[in-house]
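> Sequence plus the predicted model coming up.
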Amino acid sequence: AQTVTQSQPEMSVQEAETVTLSCTYDTSESNYYLFWYKQPPSRQMILVIRQEAYKQQNATENRFSVNFQKAAKSFSLKISDSQLGDTAMYFCAFNAGNNRKLIWGLGTSLAVNP
Amino acid sequence: DAGVIQSPRHEVTEMGQEVTLRCKPISGHNSLFWYRQTMMRGLELLIYFNNNVPIDDSGMPEDRFSAKMPNASFSTLKIQPSEPRDSAVYFCASSFDRYHGYTFGSGTRLTVV
């Protein structure tokens, strides 16, 4: 079965500091795509960053970067210089196989404190 | 592009009434997804369409739920009759390939009293 595990239900960080959210997944597929989405209190689901499994280089989007360890099936999200606007629920997801379905984790609630 | 458009944003209805949620995907996106989000169960995929054809409806909770996609630019999710346990946020999302993931609408918060 394909699964995503986010082991940290809640986290907090001080403004301007760095925080890492963990995500592990399980799939027997060799080619797949990984995503991090954020859902702020406005409830809008926003794509933060994506990673193709066949690319070894870790994806980076401004203050957001990932640490992708394919052998360990790990896909953590690092947020640098945390800002108050980063307060949100963060979901890890992946897509494998020949369909468009995303497999989702249960999310990590991140609070950025002033 | 206006993004994925959902309506209404909020809906309050009485138990037993019919509820229809609407979604307009991004032009050119050929896959559309309906999700339900609750605190207890998180994000649940209800159904998804590819090229207007339902591909997987295994997440539809029961016969009270139905979804249609009559054309590439419109989809509906209907609940009839509605029950208090249907109260949730319902999201529509669309995509055009696996690499780019989904673009979500802003969701409909449904409250059944």
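Yep, it's here.

> Closest residue of chain B to chain A?
Going by CB to the nearest CB, chain A is nearest to B:Phe104 of chain B, at 3.8 Å. C-betas here are computed from N, CA, C, even on glycine.

> Just give me the residue closest to the centre of the chain.
As the question left the chain open, I've gone with chain A. The residue lying closest to the centre of chain A (CA atoms, centre = their mean) is A:Trp36, at 3.4 Å.

> I was after chain B.
In chain B, the residue lying closest to the centroid (CA atoms, centre = their mean) is B:Trp34, at 3.3 Å.

> From the centre of chain B, give me the residue that's furthest out.
Distance to centre of chain B, CA atoms, centre = their mean, peaks at B:Tyr99 (21.8 Å).

> Now do the same for it: its pLDDT.
Looking at B:Tyr99, its pLDDT reads 85.

> OK, contacts around it?
A:Tyr33, A:Arg50, A:Glu52 (CB atoms under 8 Å, 6 or more residues apart in numbering or on different chains).

> Run through the bridge partners of the last one.
With DSSP bridges applied, the residues forming beta bridges to A:Glu52 are A:Tyr33.

> mind listing what it touches?
A:Glu52 neighbours (CB under 8 Å, 6+ apart): A:Tyr33, A:Leu34, B:Tyr99.

> Now render those residues as TSV, adding distance to B:Ala72.
Output for the contacts of A:Glu52, formatted as TSV (distance: CB to CB, whole Å):
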residue	distance to B:Ala72
A:Tyr33	23
A:Leu34	28
B:Tyr99	20
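
> ends of stretch B:74-88, how far apart?
End-to-end span of stretch B:74-88 (CA to CA, to the nearest Å): 21 Å.

> go on, stretch A:61-75?
First residue to last in stretch A:61-75 (CA to CA) measures 15 Å.

> Residue 91: which element?
With no chain named, the answer covers chain A. Using DSSP states H and E, A:Phe91 sits within strand A:88-96.

> not quite, I wanted chain B
B:Phe91 is part of strand B:88-95, with elements assigned from DSSP H and E.

> Whichever helix or strand comes after that strand pairs with which strands?
Next in sequence after strand B:88-95, counting helices and strands by DSSP H and E, comes strand B:103-104. Applying DSSP bridges, strand B:103-104 is found paired with strand B:88-95 (antiparallel).

> hmm, who's touching the partner strand?
Contacts of strand B:88-95 (CB under 8 Å, 6+ apart): A:43, A:45, A:100, B:4, B:6, B:21, B:23, B:25-26, B:29, B:31-38, B:43, B:75, B:77, B:101-105, B:107-110.

> Filter those down to just the ones in strands.
If you go by DSSP state E, the contacts of strand B:88-95 have B:6, B:21, B:23, B:31-38, B:43, B:75, B:77, B:103-104, B:108-110 in strands.

> pLDDT below threshold where in chain B?
Applying pLDDT under 70 to chain B flags the ranges B:1.

> Please compute how far the strand holding B:Phe91 lies from its chain's middle.
Distance of strand B:88-95 from the chain centroid (CA atoms, centre = their mean, to the nearest Å) equals 5 Å.

> Same question for stretch B:21-40.
That offset, for stretch B:21-40, works out to 5 Å (CA atoms, centre = their mean).

> do you know how far the closest residue to B:Arg22 other than its chain neighbours is from B:Pro81?
If the residues on either side of it in the chain are set aside, B:Arg22 comes closest to B:Ser7, at 4.9 Å by CB to CB, 6 or more residues apart in numbering or on different chains. Counting by CB to CB, to the nearest Å, the gap between B:Ser7 and B:Pro81 amounts to 21 Å.
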